[in-house]
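In: Build the 3D model from these lines:
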Amino acid sequence: MAKNRIQFQKGLSFAEFHRQYGTEEQCRQALFQWRWPKGFQCPVCERSQFCVLFNGRYQCNACHRQTSLTSGTIMAGTKLPLTVWFLGIYLLTQSKNAISAMELSRQLGINYNSAWLLKHKVLQVMKERDDERPLDGPVQIDDAYWGGERHGGKRGRGAAGKTPFLAAVQCTDEGHPLRLRLTRVQGFSRTAIGSWAQKHLSPTCTIVSDGLPAFRDLARAGYLHCPVVTGGGPASVKNPQFLWVNTLLGNVKNAIHGTYHAVREKHLPRYLAEFCYRFNRRFQLQDLLPRFMYVALRTPPLPYRLAKLAENHG
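Out: Numbering: from 1, shown residues only. Model prediction:
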């Protein structure tokens, strides 16, 4: 049997990572290049002439505005060394499975709260980046829940303790999966699904879904929609028309259950985004760190207060 070239990618080895980003100065140089690929540009007057102050900040020679490598980015205000940030991002992007904040704190040698915030800032970058790119082409979608039945509670749809989310897989014309989107929603109403589709699906999509009534409005919204009544039960999961969406739903649930002791509902969108981000970029593992850092330097800051709130249904 031929090797799967995607699974057998070399990626970025730890030895190579350490060679490129093992010192604070190497990290600073890399950040400067990713933030200002064409040279320094003042965030106020856009002039290019600058000087470096004793505290490491950059001062514009024209307007005298001072800025740092991380100001205005997801890393703004950090007290952690850049080497810790780089190693944390390396671990979170290169690992096949997710890493909990507790394990991250041990690997990085920092306290749990710092590791938790670093991880959620990284996950926020992942989420915002994928939210910008709607799915296109043939798309399989399905409704799903995170969480299980509470003891003595209601079973099935509407049960307490279950968080609804939508799973969508963009496939090639040959049926191979390309990109994944997992999005928490307020419920499986026509309004919620219509709003989700407008944000996350290209108008030219060809959508395959089950017979959930709320999906019917996708055709009214102008999408080419092919509903398939599966009848429910274990047999419906084996329907070949939903092969990849069901496979990836199983994978993400196993990955989250196998890594985290618990996932709070308000933070679920970031954990889902973490799985999607790595899956969607599985073809180029070696370039994953530079690509991530380029986007992270253009993602607004996420203070601890907002990271803890995390009340978004995007």
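In: Identify the residues contacting the closest residue to residue 228 other than its chain neighbours.
Out: In space, and not counting its chain neighbours, residue 228 is closest to residue 241: 5.6 Å by Cβ to Cβ, 6 or more residues apart in numbering. Placement of C-beta: from N, CA and C, glycine included. Counting by Cβ atoms under 8 Å, 6 or more residues apart in numbering, residue 241 touches 140, 208, 228.
In: can you rerun that using 10 Å?
Out: 140, 175, 208-210, 226, 228, 230 (Cβ atoms under 10 Å, 6 or more residues apart in numbering).
In: which of the residues you listed lies closest to residue 274?
Out: residue 140 (21.0 Å; Cβ to Cβ).
In: Tell me the secondary structure of the closest one, please.
Out: Here residue 140 is recorded as strand under DSSP: H, G, I helix; E, B strand; the rest coil.
In: Span of stretch 52-67 from start to end?
Out: 10 Å (Cα to Cα, to the nearest Å).
In: I'd like the average pLDDT over that stretch.
Out: When pLDDT is averaged over stretch 52-67, the result is 93.
In: List the buried residues of that stretch.
Out: The neighbour-count check on stretch 52-67 (16 or more other Cβ atoms under 10 Å) flags 58-60, 67 as buried.
In: Serialize those to TSV and add fields for secondary structure.
Out: Converted to TSV, the buried residues of stretch 52-67 look like this (three-state DSSP):
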residue	secondary structure
58	strand
59	strand
60	strand
67	strand
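In: Domain-wise, how is this structure divided?
Out: Structurally, the chain divides into domains by automatic domain parsing as follows: 14-131+288-302, 138-284.
In: now the end-to-end length of the last one.
Out: By that I understand domain 138-284. Domain 138-284: ends 23 Å apart by Cα to Cα.
In: what's the neighbour count on the residue lying closest to residue 101 once chain neighbours are set aside?
Out: Ranked by Cβ to Cβ, 6+ apart and with sequence neighbours excluded, the top spatial neighbour of residue 101 is residue 116, at 4.1 Å. Counted with other Cβ atoms under 10 Å, residues neighbouring residue 116 total 19.
In: can you check the one 4 residues further on too?
Out: By other Cβ under 10 Å, the residues close to residue 120 number 22.
In: how much space between it and residue 101?
Out: 8 Å (Cβ to Cβ, to the nearest Å).
In: so what does the strand or helix carrying the residue nearest to residue 101 touch, helix or strand wise?
Out: Here residue 116 sits within helix 112-131, counting by DSSP states H and E. Helix 112-131 is packed against helix 82-94, helix 101-108, strand 177-184, helix 190-200, helix 268-280, helix 288-296, helix 304-309, with contacts defined by 3 or more Cβ pairs under 10 Å, 6 or more residues apart in numbering; DSSP states H and E.
In: Not counting residues beside it along the chain, what's closest to residue 22?
Out: According to Cβ to Cβ, 6+ apart, the nearest residue to residue 22 is residue 83 (7.2 Å).
In: My guess is that neighbour contacts residue 26. True?
Out: Yes: the pair residue 83 / residue 26 is scored as a contact, 8.4 Å apart, by Cβ atoms under 10 Å.
In: what is in contact with those two at once?
Out: By Cβ under 10 Å, 6+ apart, the residues touching both residue 83 and residue 26 are residue 18.
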